[in-house]
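In: coords please:
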Amino acid sequence: MKHFLILTCMILFWGCYGIQNQNGQGPLPNESLTTSALTAFSSCDDLLTVLKQQTIRQMEKDMDSYYKSCSLYGPQAMPVSSSTGSNFTPTNLQEEGVDEGDIIKTDGESIFVLTQTSVDIFKAWPVAEFQKVGSFTFGDTAQSYIRNHSLFLDHGKLIILRQGWVSVSEGLGYSATKIIRLDVSDTAHPTQISEKTVLGNLIQARIVGKNLHLALSSPFQGPRIEGPTIDWARGFRDCSDSTKKEAFLNSLDAPIATAKESNRQKIERATLEDWLPTLQGVPALIGENCHQIVHDPNSESSDGLIRLSSFNLEDTSQEKTTSVLGLGYQIYASPKSFYLAGSDHSSAPDNNETTRIHRFAINTGDQLHQYIASHAVPGRIINSFSMGEDKSTFHIATTVEHVSREGNSEVWNNVYALDTAQSDLPVVGRLEKIAQGEQIYGVRFVGSKGYLVTFKKIDPLFVVNLKDPQHLVVEGELQMPGFSTYLHPLDENHLIGLGKDAEDQGSFAWFQGVKLALFDVTSGQTPASVDQTILGSRGTYSEALSDHHAFTFDKPTGLLALPISLFEGGHGGSEMGQFRYHGVELFEISPQRIIKKGEVQLPTGATSPQRILMMGFGNNRALYILDQRTLYQATMEPSFSVTRQETINNMPNMVGMD
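Out: Residues are numbered from 1 along each chain as shown. Below is the predicted model of the structure:
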């Protein structure tokens, strides 16, 4: 039964996310995808018809994915695996002028920490007066709002986003996000200004100018889809035998056809209520006539709604919401545009995975946001750093992967340039088939340059010239062991890379310690490794590997404070090191070298550090280190040690090691 559940989950994963046809052939490099525009539904009957059609098509693709069963059985390669009187480090942002929510914020005098049940406020400057001075406890229970918390600080006001569950009647509730505004001009006595609840799970949020933009998701349930009845024991036996594999795959025809017909009948009998939660017979998310939903005619994604909700910070009654059929989106925002980008399996030939992009203009006065255009490009993206906007060009980097039913696979990477000056957002430039056999681990677009890190056993850093959108060019490539998941500009000619060291094992590689690297990209044709350092051995972890808000770099001084859970003593391969401590590693980074300045070891009982702030000048400087239970203050020069600590309320669940 355990094997059946594992295999079923894996097969359904490939059904939802597999991206090739049965013979493994993909789109031609110069093949264009259709540009289209979002269209409103004319009625709820129209919406129901589209939901049924798209659900049937997706169901049939899921059923056909069982033909890929043998790719799960055969021999497989192992996976790789200031004005305030204080100088301080603000939130690390992807784009200047676009604020991002986080769990900690500072104005250089006070520190605000968002916890599971409250906002805790600390006096942080002068550093000698560090103490907790105030707190605002939320009226709802901790069990109702414990996920995807986010905090913004805007001119003496806190904007708190809290995700949870809103009950509207007995046995009926919706996932929702609260927007709470606090006045913290008196830090000892914060007061609530307003509170607003919007339906949907919070994906991400941005503040640009005076407007708050939220990306929210609202999944649909839909009719329950049943898989085919398959002889899994035969699959285990026959898929590893080349003389029997094809016969087993052919034996799947009848059960797959039966499952398709049964599911098709179930979907045809379904009503709108099977997809949408209703309140007194009216779809709660979209209104009585369903006009509030728009969809992309070229997309078949129908598993829920992605909603862009924009609010005026000074008056949250001024709002605009656009609901798009489909889920699974990443967001990217520039000072003038907001992009929703999500996986889609219907926009390219042969049902290959694509990324569908919707562009909205923001900072458009009273409109809050305005839909502009949609487009799709081949492949999938890893995060918001896969996207960037420079002047009138939008760039996106994707990974394409093909896995045939026989287990054959192809992987490569692409970069596309889309023209934002044109109303249909056309692709005007493309680079395809980069680093075949590898996938993207890190991306950064900086002005007219793009930097890609791909990985299988070594770490190629590609420099892409974006200056001419119609003629994108890979200028140069640097190869070294390991990989970087986060790239940070040091200056216009140097990059800091943070990732993992790796040990080549032939067909795969073992991850080792955390790797900090410095790259010289002065010449795009010959990027060079200037310096690097490896922290710990296998098992060492930093929150900054997966969340750029944990990467604290003070550009004026060149100081980097890196949260770390350090393991030492491993001897390579799969051997784990011994845990040493949770703490902070400090480095001084210049264009010439990486110099370790010191380390802060947190006391016994601490958990993996989540965020770090630097505050003060010269010798009168301090680090503020946040883990899941405590805010620590540590001295910097000449010694590094924890001097004080203040307990916080329970934190939301975060990625990290205890």
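
In: which residues of the chain fall in helices?
Out: 2-17, 44-64, 232-238, 245-250, 253-269 (DSSP state H).

In: out of these, nearest to T643?
Out: Nearest of the helices of the chain to T643, taken as Cβ to Cβ: helix 2-17 at 48.7 Å. Any C-beta I mention is one placed from the backbone N, CA and C, and that applies to glycine too.

In: before we move on, the earlier item: where among the helices of the chain is the average confidence lowest?
Out: With a mean of 35, helix 2-17 has the lowest mean pLDDT of those.

In: tell me the pLDDT at V463?
Out: 96.

In: how about the contacts made by it?
Out: 449-451, 474-477, 521, 524-525, 527 (Cβ atoms under 8 Å, 6 or more residues apart in numbering).

In: among these, which ones are buried?
Out: 449-451, 474-477, 521, 524, 527 (16 or more other Cβ atoms under 10 Å).

In: farthest-separated two in those residues?
Out: Farthest apart among the buried ones among the contacts of V463 - using Cβ to Cβ - are K449 and E477, which lie 13.8 Å from each other.

In: pretty sure E100 contacts H213?
Out: No - contact criterion Cβ atoms under 8 Å: E100 and H213 do not qualify, at 11.1 Å.

In: higher neighbour count, the two?
Out: H213 (22 against 19; other Cβ atoms under 10 Å).

In: specify the beta-bridge partners of the more buried one.
Out: R206, S310 (DSSP bridges).

In: and it, how far from K467?
Out: H213 sits 30 Å away from K467, going by Cβ to Cβ, to the nearest Å.

In: before we move on, what about S542?
Out: Separation of S542 from K467 (Cβ to Cβ) stands at 34 Å.

In: what about the stretch 351-500 of the chain, any weak spots by pLDDT?
Out: 351-352, 364-365, 403-408, 457-459 (pLDDT under 70).

In: hey, where'd the strands end up in the stretch 201-350 of the chain?
Out: For the stretch 201-350 of the chain, the strands defined by DSSP state E, counting those that start in this stretch occupy 201-208, 211-219, 278-279, 282-283, 293-295, 304-312, 315-325, 329-333, 337-344.

In: between the two ends of stretch 297-317, how far is it?
Out: 32 Å (Cα to Cα, to the nearest Å).

In: that stretch - what's its average pLDDT?
Out: For stretch 297-317, mean pLDDT rounds to 81.

In: point out where the stretch 151-300 of the chain drops to low pLDDT.
Out: In the stretch 151-300 of the chain, residues with pLDDT under 70: 166-173, 277-289, 300.

In: nope, the stretch 501-650 of the chain is what I was after
Out: 504-509, 650.

In: that one: strands as residue ranges?
Out: All strands of the stretch 501-650 of the chain, identified by DSSP E, counting those that start in this stretch, fall at 509-520, 528-535, 552-554, 559-568, 578-589, 594-601, 611-617, 620-626, 630-635, 641-647.

In: same for the fifth one, what does it pack against?
Out: Using 3 or more Cβ pairs under 8 Å, 6 or more residues apart in numbering; DSSP states H and E as the contact criterion, the secondary-structure elements in contact with strand 578-589 are strand 559-568, strand 594-601, strand 620-626.

In: again with the first one
Out: Using 3+ Cβ pairs under 8 Å, 6+ apart as the contact criterion, the elements in contact with strand 509-520 are strand 483-491, strand 494-504, strand 528-535, strand 559-568.

In: and if you look at the shortest one?
Out: Strand 552-554 makes packing contacts with strand 559-568, strand 611-617 when contacts are defined by 3+ Cβ pairs under 8 Å, 6+ apart.

In: list the strands paired with it, with their directions.
Out: Strands that pair with strand 552-554, judged by DSSP bridges, come out as strand 559-568 (antiparallel).

In: what comes up buried for the partner strand?
Out: Buried, per 16+ other Cβ under 10 Å, within strand 559-568: 559-567.

In: now swap in stretch 182-192 and tell me
Out: 182, 184, 187, 190.

In: now the two most distant members of the residues you listed.
Out: L182 and T187 (10.6 Å).

In: contact partners for I595?
Out: I595 neighbours (Cβ under 8 Å, 6+ apart): 587-589.

In: can you add neighbour count and distance to T137 and give the residues you listed back as JSON lines?
Out: Listed next are these as JSON lines, based on neighbours: other Cβ atoms under 10 Å; distance: Cβ to Cβ, whole Å:
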{"residue": "F587", "neighbour count": "22", "distance to T137": "38"}
{"residue": "E588", "neighbour count": "15", "distance to T137": "41"}
{"residue": "I589", "neighbour count": "23", "distance to T137": "40"}
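
In: what residue is smack in the middle of this protein?
Out: Nearest to the geometric centre of the chain sits N383, at 4.1 Å (Cα atoms, centre = their mean).
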